[in-house]
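Chemist: Turn this into a model:
(3 chains)
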Amino acid sequence: MDATAAAKLLDHYAANARDLPWRLATRDPYRTWLSEVMLQQTTVATVTPRFRRFLERWPTVQALAAAPEEEILGEWAGLGYYARARNLIACARAVAERGRFPATESELRKLPGLGAYTAAAVAAIAFGEDAVPVDTNVERVVARVFGLAKRADVPAAARTWFPAGRHGDFAQALMDLGASICRPKRPACDRCPLAADCRAAALGTPEAFPAPKVKKERPHRHGVAWWIRRGDEVWLVRRPAEGLLGGMASLPGPEWTDDRPQVNALAIHRHGFTHFSLDLHLVPQGDPPAGEGWWQPIADLAAAGLPTLYRKAAEAALAAEREPKLAA
DNA sequence: TAGGCGTGGAC
DNA sequence: TGTCCAAGCCT
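Modeler: Numbers count the residues shown, from 1 in each chain, chains lettered A, B, ... in the order given. Predicted coordinates for the structure are as follows:
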């Protein structure tokens, strides 16, 4: 691939890039890092308001490092992949302790939550290093332009194509193109600045690159959540620090199972996780179980920092209490 | 290294 | 309704 194609892409990006809130923060390590962690497996539309809210509450990495863990997890609630939030806290505290973000890809890579992609992205975008971030967009665009079916062949090709001194801009240009034009399905090749340089477009089968991943079957599971009322309050607990929804506020309940529980549920809320689906059976109980927890005012349920599963389950329980006949 | 780990939007 | 997919990381 010649340098002309790269220049065309950079020009297209300069003229058409979306005005994302973190783009103004290029070369700011804190904002770049925060946005990149939030964007891991998460859409721009979902991240944008959360990014702004985090920056309002914690304008610097020092402020974030000094914040109580429960408050950060509460602001993260609904964003998913909660290990990211736990790593975010650990990373902020490590950076605050050492005074600043490390400035190289290899040192960034050692921080919690910074894998191969994010370390390269922060190094390239915030520090101007010639690192090569390969996310799913870069992988797809490079696979199509070079006509590579095998994903494992993409990073080497990408390294030959990124223009020296412009890696941060080029990575963002590739990601913007991947999100808007070089989409997984029905790519808009007629609007693509790289169409004349693209092997997959020349073959007429852009969607065949890269080869699709093999999909796995998603099992179905069941859970019981106890719905414990005291006047206008409900009993909440905090989940164990590790594992699914680790460290997050939740309704109390026993371990989930593969089989349907024999209970008389007030409501059943169905939820889809990445690797299984769940029926959560909401069962009224009289008294809180042994162990720590707190009474949360129903009116302030939104402030409890519940992950989406429990937020929607609580909404279903409240709706069932109002309209018992619809709960069947 | 393959599987665990959330959620919401597009189709 | 279900399926795919998104600026991945960790073990």
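
Chemist: ranges for the strands of chain A?
Modeler: Under the criterion DSSP state E, chain A contains strands at A:220-230, A:233-238, A:249-250, A:267-272, A:277-285, A:294-297.

Chemist: Which stretch among those is buried most, on average?
Modeler: Among the strands of chain A, the stretch with the highest mean neighbour count (mean count of other Cβ atoms under 10 Å) is strand A:249-250, at a mean of 22. The C-beta positions use only the backbone N, C-alpha and C, and glycine is treated the same way.

Chemist: Neighbouring strands of it in the sheet, and parallel or not?
Modeler: strand A:233-238 (antiparallel) (DSSP bridges).

Chemist: Okay, the residue in the stretch 51-200 of chain A that DNA strand C sits nearest to and A:Val37: tell me how far apart.
Modeler: Per Cβ to the nearest atom of the strand, A:Gly115 is where the stretch 51-200 of chain A lies closest to DNA strand C, at 2.4 Å. Distance from A:Gly115 to A:Val37, counting by Cβ to Cβ, to the nearest Å: 10 Å.

Chemist: Between those two, tell me which one has more neighbours.
Modeler: A:Val37 (20 against 10; other Cβ atoms under 10 Å).

Chemist: Isn't the more buried one up against A:Thr118?
Modeler: Yes - using Cβ atoms under 8 Å, A:Val37 is in contact with A:Thr118, at 6.5 Å.

Chemist: who touches the residue of the stretch 51-200 of chain A closest to DNA strand C in this structure?
Modeler: Going by Cβ atoms under 8 Å, 6 or more residues apart in numbering, A:Gly115 touches A:Arg109.

Chemist: and the residue nearest to A:Gly147 when sequence neighbours are not counted, how many neighbours does it have?
Modeler: Counting by Cβ to Cβ, 6 or more residues apart in numbering, A:Gly147 lies nearest to A:Arg199, which is 3.1 Å off, once chain neighbours are set aside. Residues near A:Arg199, counting by other Cβ under 10 Å, number 15.

Chemist: from memory A:Arg199 sits against A:Arg144, does it?
Modeler: Yes - counting by Cβ under 8 Å, A:Arg144 is a contact partner of A:Arg199 at 7.2 Å.

Chemist: will you turn the strands of chain A into JSON lines that also has distance to DNA strand C?
Modeler: Below are these laid out as JSON lines (distance: least, Cβ to the nearest atom of the strand, whole Å):
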{"stretch": "strand A:220-230", "distance to DNA strand C": "9"}
{"stretch": "strand A:233-238", "distance to DNA strand C": "20"}
{"stretch": "strand A:249-250", "distance to DNA strand C": "20"}
{"stretch": "strand A:267-272", "distance to DNA strand C": "6"}
{"stretch": "strand A:277-285", "distance to DNA strand C": "8"}
{"stretch": "strand A:294-297", "distance to DNA strand C": "28"}
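
Chemist: mind checking which of those strands is nearest A:Leu24?
Modeler: Minimum separation from A:Leu24 across those (Cβ to Cβ) falls at strand A:249-250, 33.1 Å.

Chemist: Can you list the neighbours in contact with that closest one?
Modeler: A:73-74, A:77, A:225, A:236-239, A:304-307, A:309-310.

Chemist: cutoff 10 Å now
Modeler: Contact with strand A:249-250 is made by A:70, A:73-74, A:77, A:225, A:236-239, A:293-294, A:296, A:301, A:304-307, A:309-311, A:313-314, as judged by Cβ atoms under 10 Å, 6 or more residues apart in numbering.

Chemist: Pull out whichever of the residues you listed are also neighbours of DNA strand B.
Modeler: Among the contacts of strand A:249-250, the ones lying near DNA strand B by Cβ under 7 Å from any atom of the strand are A:307, A:309.

Chemist: Counting neighbours, which of the contacts of strand A:249-250 end up buried?
Modeler: Among these, those classed as buried by 16 or more other Cβ atoms under 10 Å are A:73-74, A:77, A:225, A:236-239, A:293, A:296, A:301, A:304-307, A:309-311, A:313-314.

Chemist: Can you show me the helices along the stretch 151-300 of chain A?
Modeler: In the stretch 151-300 of chain A, the helices defined using DSSP state H, counting those that start in this stretch lie at A:154-161, A:167-180, A:199-203.

Chemist: how far out from the middle of the chain is the first one?
Modeler: Shown here is helix A:154-161, whose average C-alpha point lies 25 Å from the average C-alpha point of the whole chain (Cα atoms, centre = their mean, to the nearest Å).

Chemist: Give the buried residues for stretch A:35-53.
Modeler: A:35-40, A:44, A:47-48, A:50-51.

Chemist: if we take the residues you listed, which one ends up nearest to A:Ala124?
Modeler: Among the buried residues of stretch A:35-53, and counting by Cβ to Cβ, the member closest to A:Ala124 is A:Glu36, at 10.6 Å.

Chemist: hang on, the earlier thing: return the most buried member of the helices of the stretch 151-300 of chain A.
Modeler: helix A:167-180 (a mean of 22).
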